[in-house]
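>>> For reference, the sequence and a predicted model appear below.
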Amino acid sequence: MPPEASNQATHLSPRVTRNSKGLLALIILTAMLSCTTQGYDCSMMNGLNILETYTNYFHLNTVTTALNTSIVWMGQFFAGPPGGWVADRYGRKWAMFFAAMTNIIAATLQTASQNMAMFIISRFLIGIGSGVAFAQVPGYVSEVAAWKRRGLTNGLFNCSYLIGGLIAAGITWRMAKLDSTWTWRGPSIVQAFLSAMCMALLPFIPESPRWLISRGRSDEALEVLAAAHTNGEVDDPTVWIQYREILDTIEFERSFAQDGQKAFWNLLKTRGARRRLMIILTLSCVSMLSGNNIVTFYTGQMLTNAGITDTDTQLQINIYLNLFSFVVAVAGTLLIDSLGRKPLGLISMTLMTAFMFILGALTKLYGASSNKSGIYGTVASIFLFNGAYCFGMTPLNTAYSPEVLNYSLRAQGLGFFTTVQSGLGLMVTMAFPIALAKIGWKTYIINGAWDILQIAMIAYYWVETKGRTMEEIDEVIDGEKHSAVPDLRDVDAGKVDIEVHVLREL
């Protein structure tokens, strides 16, 4: 039964602010710190792969470099399902706490690594922590943030990946001046600090109202919705429409359950659920197989192939690349709620494909030459390709994935998404340095041909989700909405006028 109306919060923690803008800022900051840690880690490894103090300490060759770099994907691969289980069983915030604590322990171990085995174990643990965070934080943000700003909020979450990348690129460049093992040990300390900051903010943000309703804690869920949307005012149609949508939709999804268990596998049998998972699969492919992992982890090798071999120059270019990518990603994020998810994906993927072919052609023509214009053109194509990826796929990767999964599928589905992504990431991160060493520029041409197929995937499978609450997206995918209340966008636009007491009595 719905809770009684109340203007006084009695269940929500007093540490959680009732100021909606302030709460949104805290949610964004917590999410961004989580993703900053992940971006920092990837860019740090990119920088370490350029440093001789790191490669000489572990006596790395092409294969062992790929292993050290890609083992994090193995950790993420195994983190997906357990992370989803923790989020469903104990709550979204507990999953975020587990991710942050794991990263702190792993980064400390990485700093103290004395041999390659110890380093690989720490990297595997970092993969587990980042895998849980990458899967469950966007789901949490989508379930708590204001519906109008959901795309922007989750887009900023993934943009902070590039903030972490920029910080790591700068630190790695400065640490390169040191002639000691602290050249590569030092950056890991910052990684642990970022995770600790994220964990410190968790007591000040609320649990997901959808998870609370699924656990019978309706009073608290109503107060969370009020805090997130109406400055704590419970008796507002905006709050009650969302409350009724969530309550009705979760009750509908429970009708698929067997023996009191969650309806995950039963929902896989429905046409709508299969559509959702196909979107998740294509998004996994686009996010990992577009060629972006070459730039993320092996910028140094790409620049060497392009004719730039000086270590200091490569590290500086890495800084500029991260800064450029961040600016472009923010631009794409600001457009996600107006332009829409599917158009943004098509624009991004089309530009990536074009720049990938250009990169391959320029590397072939000028990679072994001393033609400065050709070399600069090759570097520019690296920037343009990465910019095209960041413009669309950086915000979409975390904004779109939780939107297309209904509540019963969301935590486990995002875990599945992370597992698939990580498997693909492991494959390409192991393969790319070998491919670049063996066939050079042809790697880009092969990847470009695959990117053409990904344009078709987006055009055929993806649906538009902008301007809808999480529950209203069911109508786009399933063909029907599972609640009788009017759409919030219609109420917000003044097309429908409805009183709170009517919603309470439904």
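In hand now; what should we look at?
>>> Tell me which residue is most central in the chain.
Closest to where the C-alpha atoms of the chain average out (Cα atoms, centre = their mean) is Thr398, at 4.0 Å.
>>> Look at that residue and report its pLDDT.
Note for Thr398: predicted pLDDT of 88.
>>> what does the one 3 residues further on give?
We have a pLDDT of 91 for Ser401.
>>> Same question for Thr353.
Per-residue confidence at Thr353 stands at 95 (pLDDT).
>>> now swap in the one 3 residues further on and tell me
The predicted structure scores Met356 at 91 on the pLDDT scale.
>>> and it, what does it touch?
Applying Cβ atoms under 8 Å, 6 or more residues apart in numbering to Met356 gives the contacts 290-291, 385, 444, 447-448, 451. Bear in mind the C-beta positions are built from the backbone N, C-alpha and C, glycine included.
>>> With distance to Gly139, secondary structure and neighbour count as added columns, please give those in a markdown table.
Formatted as a markdown table, the contacts of Met356 follow (distance: Cβ to Cβ, whole Å; DSSP: H, G, I helix; E, B strand; the rest coil; neighbours: other Cβ atoms under 10 Å):
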| residue | distance to Gly139 | secondary structure | neighbour count |
| --- | --- | --- | --- |
| Ser290 | 23 | coil | 25 |
| Gly291 | 27 | coil | 26 |
| Phe385 | 29 | helix | 27 |
| Tyr444 | 34 | helix | 28 |
| Asn447 | 30 | helix | 25 |
| Gly448 | 33 | helix | 22 |
| Asp451 | 28 | helix | 21 |
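>>> out of these, who's nearest Ala200?
Ser290 (35.1 Å; Cβ to Cβ).
>>> And the nearest residue to Met278 once chain neighbours are set aside, how far from Ala380?
Nearest residue to Met278, sequence neighbours excluded (Cβ to Cβ, 6 or more residues apart in numbering): Tyr461, at 5.2 Å. Applying Cβ to Cβ, to the nearest Å, the value for Tyr461 to Ala380 is 32 Å.
>>> What is the burial count for the closest residue to Met118 other than its chain neighbours?
The spatially closest residue to Met118, leaving aside those adjacent along the chain, is Leu109, at 7.0 Å (Cβ to Cβ, 6+ apart). Leu109: 18 surrounding residues under other Cβ atoms under 10 Å.
>>> quick one: Leu109 and Ile121 touch, right?
Yes: counting by Cβ atoms under 8 Å, Leu109 touches Ile121, with 6.9 Å between them.
>>> Tell me which helix or strand comes right after the helix or strand of the chain with the lowest mean pLDDT.
Here the helix or strand of the chain ranked lowest by mean pLDDT, DSSP states H and E is helix 264-267, holding a mean of 57. Helices and strands here follow DSSP states H and E; after helix 264-267, the next one along the chain is helix 271-289.
>>> now Phe417, what's its secondary structure?
Here Phe417 is recorded as helix under DSSP: H, G, I helix; E, B strand; the rest coil.
>>> I figured it hits Ala79, correct?
No: in this structure Phe417 lies outside contact range of Ala79 using Cβ under 8 Å: 11.7 Å.
>>> list residues touching both of these two?
Ala135.
>>> Quick check: closest non-adjacent residue to Ile279.
Going by Cβ to Cβ, 6+ apart, Ile279 has Val404 as its nearest residue, at 4.8 Å.
>>> Also Ile120?
Closest residue in space to Ile120, ignoring its immediate chain neighbours: Ile71 at 5.2 Å, by Cβ to Cβ, 6+ apart.
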